[in-house]
Structures are given as structure tokens and as C-alpha cells.
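Asker: Got a sequence here, can you model it:
(one chain, ligands or ions: 1)
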Amino acid sequence: MNNKRKPFVAGNWKMNGNRSLVESFVASLDSDVAQHVDVVICPPAVLLSSFNSASFSLGAQDVSAQDNGAHTGDMSVDMFKEAGCEYIIVGHSERREDHGESNALIADKAKKVLAGKLTPIVCVGEPLSVREAGNVESYIAEQLDALITALSVDELAKCVIAYEPIWAIGTGKTASPEQAQDVHRFIREYFAKVDEALANGLRILYGGSVKPDNAKTLFAQADVDGGLIGGASLKVEDFISICQAAN
Ligand SMILES: O=C[C@H](O)COP(=O)(O)O
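Answerer: The predicted model follows:
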């Protein structure tokens, strides 16, 4: 973690949670936790309106690349804005896999989020087969290229990037701190080819089986600026410990 970039921890509840979980978060996650860390909760969209807390920010888990219209089941940036969101995750590997989302579509979504003055959390990450074949960097580069092509330097500077190796998501197999740092450094250097100041200011989160007992070492890596937390963001005590580890 570099102290020039403010640490960032986002909890992605995925398709989990209910109103009673919302209540326990609102009651327990006070402003002390979020003093030196940007803390964001991304619950399922139907729970957004149940949150009423100024101690942390809200995010959505995905968004349409369209403004409005005949897109059954989709939701727009404006809708999430009205629901109190400041952040929207785009390109999560589960969206890429379950809904066939392409790099180009994800870049369009990020652009739409920025146009609505919200912050996209753009996810990238490789499957195990790519890592085993030794192709991690070219795979991530292709994911980043779509974003770099679609967005201006100013727009890129407003994004948060999340590196989530797919083999580490929900598996309990966390990337080692060195594996995480290697890819985070690669991502930062890749953006430095576009613009050095952009790269230095960019917050890059690690996601994939982050838990209270491994968060500190992961977040201590020079290019790891926090985490995108799945399973452990569903237990308020675990999530608070992870936020504290980012402090
Ligand atoms: O968005 C969060 C990630 O997919 C990580 O999930 P996990 O912490 O359950 O491995």
C-alpha cells in the first residue's frame, strides 16, 4: 500500500444478504472504520434503499450500458445514482462468465458510469488455465486495452481497478502477496505507458478469498491499494477487520 493513495475496501455481497444483514451493517460499521479508508458496500440492488448510513458509501454490482428503454431486467446509471450509489462494479468475472460480457461492453459500461459522474470499479483477472500457461500479463493487457481505447486519460484516472484472479474467487485459494503484487505492478506499469501521473494515482484493489487473516499482508504490497471482498463481506466482524487492515 502506498500512502499517497487512499486505501479502498469494497464489499461485494453478490446474490446474498437480506434486510437483517443490512441492519447489522448499519448498526456496526461506524465512521471510525471508514476514517482513513474508503469503504463501499455493494449489496443486491433491491437492498440499496434499506441502507441509511453516512459511514460508508454504496455501490452497485453491475449496470446497463444503455440510458433507458426496452431492456427488461436491466438498470441504468441514473437509477443507481438516485438509489444513492457512488460506485458501480463492472466486468466482474461472474458477469463475464454468466452473461457473456465482452471487454468492449465492459469498457462501454465504465464510460457510461463515468458520464453519470459515478466511479466504476473495473474488474480484470485470469482463469487458472491462463496462469498455468504463463499468459497472465497478455490476458490482463487485453482486458485493459479495451478500457484504454474507450476512455480518455482523465476518465481512466477516475476509475478504480480490481484485480481478481478467477481461480482465487470463493475458493479459499488466495493469491500469495507476491503473486498479487506482481500483477498489480504489471497493471500500474501498463497504465504508466499511457500516462505516468494516472498510473501513480490509480487505486488497484485485490480480490479473491481475502479474509481477516490474510488482508494485512496483501494490503502491505506496494501496488495493492485495498480489496474487493466477496464472502468475507457478508460477516460484519470480518469485514470490519479487513477494513482495519487497510488503515
Ligand atoms: O467481488 C469479490 C470477489 O469476487 C471475491 O470474492 P471472494 O472474496 O468470495 O473470493
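Asker: okay, now the residue in the chain that the ligand sits nearest to: neighbour count?
Answerer: Residue of the chain nearest the ligand, by C-beta to the nearest ligand atom: residue 230 (2.2 Å). Bear in mind the C-beta positions are built from the backbone N, C-alpha and C, glycine included. Residues near residue 230, counting by other C-beta atoms under 10 Å, number 21.
Asker: Find the nearest non-adjacent residue to it, please.
Answerer: Leaving aside its sequence neighbours, residue 230 sits nearest to residue 12 (C-beta to C-beta, 6 or more residues apart in numbering; 5.4 Å).
Asker: follow-up on the earlier one: so who does the residue of the chain closest to the ligand touch?
Answerer: 12, 14, 169-170, 207 (C-beta atoms under 8 Å, 6 or more residues apart in numbering).
Asker: Flag every residue of this protein that's near the ligand.
Answerer: Neighbours of the ligand within the chain, by C-beta under 6 Å from any ligand atom: 12, 92, 164, 169-170, 207-210, 228-232.
Asker: among the residues you listed, which one has the lowest pLDDT?
Answerer: By predicted confidence, the residues of the chain next to the ligand are weakest at residue 170, whose pLDDT stands at 90.
Asker: give the contact list for that residue.
Answerer: Contacts of residue 170 by C-beta under 8 Å, 6+ apart are 209, 230-231.
Asker: And residue 206, by the same measure?
Answerer: 162-164, 175, 180, 184, 218-219, 221, 224, 226-228.
Asker: Considering those residues, which member attains the minimum pLDDT?
Answerer: Confidence-wise, residue 175 trails the rest of those, at 92.
Asker: does that residue count as helix, strand or coil?
Answerer: Residue 175 falls in the coil class when you classify it by DSSP: H, G, I helix; E, B strand; the rest coil.
Asker: Check the gap between it and residue 206 for me.
Answerer: 7 Å (C-beta to C-beta, to the nearest Å).
Asker: Residues that sit against both of those two, list them.
Answerer: By C-beta under 8 Å, 6+ apart, the residues touching both residue 175 and residue 206 are residue 218.
Asker: Ramachandran angles for the spatially most distant residue from the centre of the chain?
Answerer: The centre of the chain is farthest from one residue, residue 70, which by C-alpha atoms, centre = their mean lies 28.1 Å away. Phi and psi for residue 70, reported as degrees, to the nearest 10, are phi -80, psi 80.
Asker: who's in contact with residue 74?
Answerer: Residue 74 touches 63-64, 66, counting by C-beta under 8 Å, 6+ apart.
Asker: Now do the SS call for the residue nearest to residue 10 when sequence neighbours are not counted.
Answerer: Spatial nearest neighbour of residue 10, excluding adjacent residues (C-beta to C-beta, 6+ apart): residue 40 at 4.1 Å. With three-state DSSP as the basis, residue 40 sits in strand.
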